[in-house]
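Participant: sequence first, then the predicted structure:
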Amino acid sequence: KKNEADEEDGLIDVSITFEELKIWIADKIGDISEIKKESCFEFVPYSAHEGTLYPINGGMNKTKKKSTISLSFSDVSPDIRVNVPYYKEPVVRNEKIPVQYGDNNLFPNELLELVQQSVSAQSILTGTKQIISNYDIVQNFNLPCDPFVNNDHQSLINLITNLSHDYLVFGAFAIQVSWNKLNQISELIHIPFEMIRMNVTKDKIFFNRFWSRYSTNSVVYNRFSLNRNEDEYSQIYVYTNNGYRSTYGMSLFSGVLNDLASEVSASQYIKNSLDSGLASRFIIDLPNSANLDDDQKADIERAIKDKFCGSANSGSFMMYFNNSNDELKITQIADDNSHERFKAIADYTRQNIFMALHATPNIFGSPTATTGFSSQEYQDAYNLFYKMTVAPCLNTITEAFNVIFNMDKAIEYITESKVQDDLINEDDET
């Protein structure tokens, strides 16, 4: 459209993108949520929904995909629909507003929802928390609220496990650092990273419990700095694993988002298959329908799919439109072990999810199909997971505390193996 505006000299004054329009409104008006809305300016007959995709880049194709379903007379497989979060970061030049976190600014929220529904992801996250919880942690700094790290009576180990969760899910974490009037650090509070957005220069942190595409009612903090103003009593320390390649971090699950969604759908399919008594699959012969156009056929097929098929319903069918005067015919298709195929999909996706974090289900108490998993193999698998996933996570969190308190070894982890090594060294010295 910008090119067209340049080509049609004198006909069009200016052509701007939606992002430029948003920045323009923010500069000239400010917080549009404070503007009173009058009922006479409602959309008629209703909001456009997916029609709003049309003017954006690639929107016409997205609209087509949303509004039509192509007919496939050989499609007798269950119609699986998965919601895979999509991460896209727009180009933002205004330092006063937050950079959208994903295409709709809700990527972390959608990612978290997906991870919470995946049994494999939850197994890894809870297992990692349990591993970290078994460590004894030496705290080499003092806080007024000792033995807690904040006035909510949260322990240091609880704070660290929460940070580790965000590190794995988002590739990032946030700590609110507060000072008292004596200029001493008084509290450390974990801020769930799905509630965080940042500006393009990453020096302004926007906090909002309920983000939407264009949320403006957020609380703004300065990013943590040792050179803060003494009248500033709260800042937010933010870690992201992406450096300066993008504003936000990259989830350790980023390579298996499709697998997470597939595992959830496969599990849902199997569950609903049981609820429906392992429903059969059918050929539906619809008479007096050959004169229907493609859109009408698509509407019929879509309505039947929505009602009886997909991971939410477990049934499947093949449509046949004919022009005869016969009665409606529904023929059952012989079982082709679709439920077993879905279970195979679940097993495959689980393997990929664990592989993404260098883990194996065995170390979290979930035996695999293979037998003969010896204690040495278990130890090797645990050591690999610790080296590739747990240790980098703990090192990053330790560095965060070192920066906040401006000291080396602000916290130290004492594992059972370290205690045993110390005892051995003492015996050797004796």
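Facilitator: Arrived safely, thanks for sending.
Participant: only C-alpha atoms from now on, for both contacts and neighbour counts.
Facilitator: OK.
Participant: and the contacts of the host helix or strand of Gln116?
Facilitator: Secondary structure assigned from DSSP states H and E places Gln116 in helix 107-117. Residues from elsewhere that reach helix 107-117 (Cα atoms under 8 Å, 6 or more residues apart in numbering): 85-87, 101-102, 121-122, 169-170, 193-194, 260-261, 264.
Participant: so which of those is the most crowded?
Facilitator: Leu260 (30 neighbours; other Cα atoms under 10 Å).
Participant: contact partners for that one?
Facilitator: Leu260 sits next to Leu114, Val115, Ser118, Ala121, Thr349, Ile353 when contact means Cα under 8 Å, 6+ apart.
Participant: state the distance from it to Glu187.
Facilitator: Separation of Leu260 from Glu187 (Cα to Cα, to the nearest Å): 36 Å.
Participant: what does His165 give?
Facilitator: 20 Å.
Participant: any buried residues in the helix holding Gln116, and which?
Facilitator: Phe107, Pro108, Asn109, Glu110, Leu111, Leu114, Val115, Gln117 (16 or more other Cα atoms under 10 Å).
Participant: just put the residues you listed in a markdown table and tack on distance to Thr398.
Facilitator: Listed next are the buried residues of helix 107-117 as a markdown table, based on distance: Cα to Cα, whole Å:
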| residue | distance to Thr398 |
| --- | --- |
| Phe107 | 27 |
| Pro108 | 24 |
| Asn109 | 26 |
| Glu110 | 28 |
| Leu111 | 26 |
| Leu114 | 28 |
| Val115 | 25 |
| Gln117 | 30 |
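Participant: relative to Thr389, which of these is nearest.
Facilitator: In terms of Cα to Cα, no member of these lies closer to Thr389 than Val115, at 17.1 Å.
Participant: distance of that closest one relative to Gln122?
Facilitator: 7 Å.
Participant: quick check, distance from the helix holding Gln116 to the centre of its chain.
Facilitator: What separates the centre of helix 107-117 from the centre of its chain is 4 Å, taken as Cα atoms, centre = their mean, to the nearest Å.
Participant: what are the ranges of the helices in the stretch 151-300 of the chain?
Facilitator: For the stretch 151-300 of the chain, applying DSSP state H, counting those that start in this stretch gives helices covering 156-170, 257-275, 294-308.
Participant: any chance of the ones you listed in JSON lines, with distance to Leu21 and mean pLDDT too?
Facilitator: Listed next are these as JSON lines, based on distance: least, Cα to Cα, whole Å; pLDDT from 0 to 100:
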{"stretch": "helix 156-170", "distance to Leu21": "29", "mean pLDDT": "95"}
{"stretch": "helix 257-275", "distance to Leu21": "32", "mean pLDDT": "77"}
{"stretch": "helix 294-308", "distance to Leu21": "36", "mean pLDDT": "76"}
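Participant: now those as CSV including distance to Ala410?
Facilitator: Shown next, in CSV, are the helices of the stretch 151-300 of the chain (distance: least, Cα to Cα, whole Å):
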stretch, distance to Ala410
helix 156-170, 12
helix 257-275, 35
helix 294-308, 56
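Participant: and the ones you listed: which comes nearest Ile411?
Facilitator: Ranking the helices of the stretch 151-300 of the chain by proximity to Ile411 (Cα to Cα) places helix 156-170 first, at 9.6 Å.
Participant: contacts for that closest one, please.
Facilitator: Helix 156-170 is contacted from outside by 108, 111-112, 115, 125, 129, 132-133, 137, 148-149, 172-174, 189-190, 192-193, 249-253, 393-394, 397, using Cα under 8 Å, 6+ apart.
Participant: switch the cut-off to 6 Å
Facilitator: For helix 156-170, the external contacting residues (Cα atoms under 6 Å, 6 or more residues apart in numbering) are Lys129, Val149, Ala172, Phe173, Met250, Ser251, Leu252.
Participant: got a winner among those residues for most neighbours?
Facilitator: With neighbours taken as other Cα under 10 Å, the top of the contacts of helix 156-170 is Phe173, carrying 27 neighbours.
Participant: does it touch Tyr239 like I think?
Facilitator: Yes. Using Cα atoms under 6 Å, Phe173 makes contact with Tyr239 at a distance of 5.5 Å.
Participant: for the chain, just list every one of the strands.
Facilitator: 136-139, 172-179, 185-191, 196-198, 204-207, 219-222, 234-240, 281-286, 316-321, 329-333, 411-414 (DSSP state E).
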